[in-house]
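In: Sequence and predicted structure below; questions after.
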Amino acid sequence: MREGEFRNPSGCAVAGVIDRSGRKMTGADMIAAIEVMHDRSNGLGGGFAGYGIYPHYKDFYAFHLFFESQKAQEETEAFLKRHFEIVYASEIQTRKLPAVSGEPVIFRYFLAPLPRKLANSHLPEREYVARCVIRINSEVAGAYVFSSGKNMGIFKGVGYPEDIGRFYRLDEYEGYAWTCHGRYPTNTPGWWGGAHPFGLLDLSVVHNGEISSYDANRRYMEMFGYKCTLQTDTEVITYIIDYLVRRQGLTLEEVSHVIAASFWSTIERKKEPARSQESLLRRMFPSLLITGPFSVIVGYEGGIMGLCDRLKLRSMVCAEKGAKAYISSEESAIRRIEPSLDKIYSPAGGEAVVYELYRQGGRA
Amino acid sequence: MELYIRPDYEIVRNESRCTVCRVCERQCANELHFFDPATGRMRADESKCVNCHRCVSLCPAHALKIVKTDDAYRENANWEAQTMHEIYRQANTGGVLLSSMGNPKPYPVFWDRLLINASQVTNPPIDPLREPMETQLCLGRRTVKAERDEHGRLKDTLPPQLKLSVPVLFSAMSYGSISYNAHESLARAAAELGTYYNTGEGGLHRDFYKYGKNTIVQVASGRFGVHKEYLETAAAIEIKMGQGAKPGIGGHLPGSKISEDVSRTRMIPQGVDAISPAPHHDIYSIEDLKQLVDSLKEATEYKKPIIVKIAAVHNAAAIASGIARSGADIIAIDGFRGGTGAAPTRIRDNVGIPIEMALAQIDARLREEGIRDNVSLIVGGSVRSSADVVKAIALGADACYIGTAALLALGCHLCRSCHTGKCNWGIATQRPDLVKRLDPACGCKQLVNLITAWKHEIEEMMGGMGINALEALRGNRLMLRGIGLTDTELRLLGVRYAGESL
């Protein structure tokens, strides 16, 4: 059995960092931070997302793919050629480590949608790309797109997160924001696709928890063309955020009022317009309320967001130091890379913490 | 000469306890108890007994019990006593057999073949006594596109919805089929609980307009009691296309139940049978239904959700899919075990499908077609406990209708003789001396108690699953497992077998 054929409840560690001035940092800090929380993982999954890491190819969609066979790669490349111009393709450079084994073939493609194909589809460009990703993942056996955004990349695999980070040589990439994930699944995932972060376009999600609303959320999202092939919470959370932000045009704060909505009794005590806006959001998207424990860090172009379930059943701390902002499951991870902080606090359940690049800071 | 049908029950009177107070005689509307001056003892004509337990319950000396007769025909697995009696009855009368309440036959009850999940280790259960637990919900259409005003705030473009504090509503029971006091109990309880009761097809008594905020009014094929004010008073309007107990046929309220008050409320002559036709004669197809939905919306200025109620039949999923595109806001589905005040026995016992199957298929079909948000789903027929409610919601329902369970809370003993109009418990009768036996204050209290108890139980089960809002349970089929089900049944219900891991 492999991930996708069963549900795999996981405990986890999450961490994220952003330099709001847009200054770049290598992945080394994130590796150091997640290593402190080693005991929150069990060696069955780890991964990272870096933003601003492909400045030379920033106008192209960077697809990261796992292939389990030559045939899967041939089939996928044929599909990619039918839908995209392949600007550059190569195997992702890795470092052989004894702690990381059983890796699939890992490739990277920089892509631009074929203009005529895109025009004929009558779809917005990002929708076109998202559908291509979902198609490869649900239809091509042995191929899996695990990263598909512009100027960002997800790197993940089965192992302890710090080992996965070194395996992918993340100390050689530079980005303005990083998130990472160490996984403690209750079952063996069986393949690398099950590791986190999970991403779609430039959106990436790392998540700690096991949501009790999973099947209600999944069955709702599948109405809109999303296919939950991995059966993980992180996958469905990513799709929910993608749907609400990209397709419904909600802000991230509004998203938090949908997925980690305040209790009705709390909403009633709020002042206008918060009261009517939050109650409207709950009535518009009741099936996207997420219950059960979760803490997530959402990465996207220009920012990161931390959010916990409304009962705060998972730990999360946020901290700031100058232009840098941190989100982590445990304070220790933040202290490891920045011992003296300007500010550190625990956000309340359902309270979205959004850290974005300064407006004049210039996007990387 | 009539064929003799032996009584099904025997009344056993403990003579050493009986004080000959004659309460049983006064309480029995079927007039079977009588005083025998010759012996100075009470006697009974058991051929009249419907086994409603009124005499047993009220006997101050606890001197009575009713037992199934042990008088036996020659044993025959194919021809049971009841089957024989029904033939005798038809041979005597030439008539269609009538029955009341839900299908009593031993068909499988799928609620009892479904098991609910609970959290262990990887995910904490939530204690409803210590943490908030949300059982409220809104019913209605939810399809929206986020639109913003000039301040960038989201505009409320949602159609009208019903707000409930618990996922349970009282289902349609008409004034006529049940009594004034039964209606008053339901109306008051609905108001107190923050839910809704349903007038059925018998119109709305003037006295109950004050409960309009908690009233769903029905528009059925007979159009009894339908007028502008009736529609405007209600919180929602239900178009009754069918009923689980009698799919494909209309209704028949005997003239004996059409009292002066009932006649005024229904706007029909007193003492004359009220017959509602099998179809709506303005609805012979789905496009006609859309016109009625639109007319009712037009008549009420688009302020009220429209419910379309159908019986669960073989093609329910496709029918529901059509209704979901008709402009209706809510679909109510009534399973083949649903109750009735009167139905032909053969229809009640043989037509329709179980609500569990209809619900699972309808919810799945609406999702496949991407139109689940067009409508909310209310299911009934029969929902017997809070566990049934939880299972229904996990299968995909928004809320449940209860009829029989509500009547039981009012004192009904399920003797299934509503059609005779002689309900000893004051529920399914219009005889003033019987109606007054049901005190609306007590009836209301018992209904409120029942639903409050269910609400606590629903909260406990939700908390166990680590779910603290009803919307996260809706359609959450991974929270269910089947037991004693075939592969086909599991497939249709969309659940895995007990023990099959996630």
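Out: Arrived safely, thanks for sending.
In: which bits of the stretch 51-200 of chain B sit near chain A?
Out: Within the stretch 51-200 of chain B, the positions adjacent to chain A are B:119, B:122-124, B:126, B:131-132, B:134, B:136-138, B:142, B:144-146, B:153-154, B:156, B:158, B:161 by Cβ under 8 Å from any Cβ of the partner chain. Quick note: C-beta positions are derived from backbone N, CA and C, even for glycine.
In: just checking, what's the longest helix in chain B?
Out: Ranked by residue count and defined by DSSP state H, the top helix of chain B is helix B:440-464.
In: Look at the residue lying closest to residue B:417 once chain neighbours are set aside and say how many residues are nearby.
Out: Distances taken as Cβ to Cβ, 6 or more residues apart in numbering or on different chains put residue B:50 closest to residue B:417, at 4.3 Å, once the chain neighbours are dropped. By the measure other Cβ atoms under 10 Å in any protein chain shown, the count of residues near residue B:50 is 21.
In: Now for residue 249: which residues touch it?
Out: In the absence of a named chain, this looks at chain A. Residues near residue A:249 by Cβ atoms under 8 Å, 6 or more residues apart in numbering or on different chains: residue B:146.
In: Chain B was what I was after
Out: B:278, B:343-344, B:347.
In: can you pull the pLDDT of it?
Out: In this model, residue B:249 is scored at 93, pLDDT.
In: next one: residue B:252
Out: At residue B:252, the pLDDT recorded in the model is 82.
In: And the one 3 residues further on, by the same measure?
Out: Looking at residue B:255, its pLDDT stands at 86.
In: What of residue A:362?
Out: Residue A:362 is assigned a pLDDT of 45 by the prediction.
In: Count the neighbours of the residue of the stretch 1-150 of chain A found nearest chain B for me.
Out: Sorted by distance to chain B under Cβ to the nearest Cβ, the residues of the stretch 1-150 of chain A start with residue A:7, at 3.2 Å. Neighbour count of residue A:7, defined by other Cβ under 10 Å: 19.
In: can you check residue A:345 too?
Out: Applying other Cβ under 10 Å, we find 10 residues neighbouring residue A:345.
In: what's the answer for the one 5 residues further on, then?
Out: Each residue near residue A:350 was counted by other Cβ under 10 Å, and the total is 19.
In: Which residues are in contact with the residue nearest to residue B:417?
Out: With Cβ under 8 Å, 6+ apart as the criterion, the residues that contact residue B:50 are B:30, B:415-417, B:420.
In: Spatially, what comes nearest to the residue most central in space within chain B if we skip its sequence neighbours?
Out: With distances taken as Cα atoms, centre = their mean, the residue of chain B nearest its centroid is residue B:403 (2.7 Å). Using Cβ to Cβ, 6+ apart and skipping residues adjacent in sequence, the residue nearest residue B:403 is residue B:171, 4.1 Å away.
In: shouldn't that neighbour be in contact with residue B:380?
Out: Yes: with contacts counted by Cβ atoms under 8 Å, residue B:171 reaches residue B:380, the gap being 4.9 Å.
In: one step back: enumerate the positions of the longest helix of chain B that are buried.
Out: B:440, B:443-448, B:450-451, B:454-455, B:457-464 (16 or more other Cβ atoms under 10 Å in any protein chain shown).
In: And the contacts of that helix?
Out: Applying Cβ under 8 Å, 6+ apart, the set of residues contacting helix B:440-464 from outside is B:116-119, B:125-128, B:131, B:133, B:135, B:165-168, B:170, B:181-182, B:184-186, B:188-189, B:192-193, B:195, B:385-387, B:389-390, B:405-406, B:409-411, B:468, B:470, B:473.
In: How far off centre is it?
Out: What separates the centre of helix B:440-464 from the centre of its chain is 17 Å, taken as Cα atoms, centre = their mean, to the nearest Å.
In: Describe which strands the helix or strand just after that helix pairs with in its sheet and in which direction.
Out: Counting by DSSP states H and E, the element after helix B:440-464 in chain order, helix or strand, is strand B:480-482. Using DSSP bridges, the neighbouring strands of strand B:480-482 in the sheet come out as strand B:114-116 (antiparallel), strand B:496-497 (parallel).
In: TSV please, covering those strands and showing mean pLDDT, distance to residue B:246 and mean neighbour count.
Out: Below are those laid out as TSV (pLDDT from 0 to 100; distance: least, Cβ to Cβ, whole Å; neighbours: other Cβ atoms under 10 Å in any protein chain shown):
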stretch	mean pLDDT	distance to residue B:246	mean neighbour count
strand B:114-116	98	27	20
strand B:496-497	96	34	14
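In: between those, which one is nearest to residue B:488?
Out: When the strands paired with strand B:480-482 are ranked by proximity to residue B:488, the top entry is strand B:496-497, at 12.4 Å, counting by Cβ to Cβ.
In: related to what we said a few turns ago, so of the contacts of residue B:50, which ones are in helices?
Out: Using DSSP H, none of those sit in helices.
In: The helix-or-strand element of chain B with minimal mean pLDDT: how far from the chain's middle?
Out: Least confident helix or strand of chain B, by mean pLDDT, DSSP states H and E, is strand B:251-253 with a mean of 84. Counting by Cα atoms, centre = their mean, strand B:251-253 is centred 17 Å from the centre of its parent chain.
In: Show me what secondary structure element comes after that strand.
Out: Helices and strands here follow DSSP H and E; after strand B:251-253, the next one along the chain is helix B:260-266.
In: ok, and what's touching the helix or strand residue A:239 falls within?
Out: In this structure, residue A:239 is located in helix A:233-242 according to DSSP H and E. Helix A:233-242 is contacted by residues A:10, A:130, A:196-201, A:203-207, A:209-211, A:214, A:217-218, A:221, A:226, A:228-229, A:252, A:255, A:258-259, A:288, A:290, A:294, A:296, A:298 when judged by Cβ under 8 Å, 6+ apart.
In: Keep only these that also lie close to chain B.
Out: Among the contacts of helix A:233-242, the ones lying near chain B by Cβ under 8 Å from any Cβ are A:10, A:209-211, A:214, A:217, A:290.
In: Can you dump the C-alpha atoms of stretch B:196-208 in CSV for me?
Out: Written as CSV, here are the backbone C-alpha positions of stretch B:196-208 (Å, rounded to 0.1, in the frame of the first residue of the first chain):
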residue,chain,number,x,y,z
TYR,B,196,-39.7,24.2,12.8
TYR,B,197,-42.9,22.2,12.7
ASN,B,198,-44.9,21.5,9.5
THR,B,199,-48.6,22.1,9.0
GLY,B,200,-49.0,19.2,6.6
GLU,B,201,-51.6,19.6,3.9
GLY,B,202,-54.4,20.6,6.2
GLY,B,203,-53.9,24.4,6.4
LEU,B,204,-53.0,26.5,9.4
HIS,B,205,-55.5,27.1,12.2
ARG,B,206,-56.0,30.8,12.9
ASP,B,207,-54.8,30.3,16.5
PHE,B,208,-51.4,29.2,15.3
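In: where along the stretch 201-350 of chain B do the helices fall?
Out: Per DSSP state H, counting those that start in this stretch, the stretch 201-350 of chain B carries helices over the ranges B:228-233, B:260-266, B:286-299, B:316-324, B:345-350.
In: Can you give the contact residues for the longest one?
Out: So that's helix B:286-299. Under the criterion Cβ under 8 Å, 6+ apart, residues B:219, B:228, B:231, B:237, B:239, B:241, B:280, B:282-283, B:304, B:306, B:308, B:322-323, B:326-328 lie in contact with helix B:286-299.
In: Tell me the buried residues within the residues you listed.
Out: In terms of neighbour count (16+ other Cβ under 10 Å), the buried residues within the contacts of helix B:286-299 are B:219, B:231, B:237, B:239, B:241, B:280, B:283, B:304, B:306, B:308, B:322-323, B:326-328.
In: So which of those is the closest to residue A:332?
Out: The shortest separation between residue A:332 and any of the buried ones among the contacts of helix B:286-299 is 56.1 Å, and it belongs to residue B:328 (by Cβ to Cβ).
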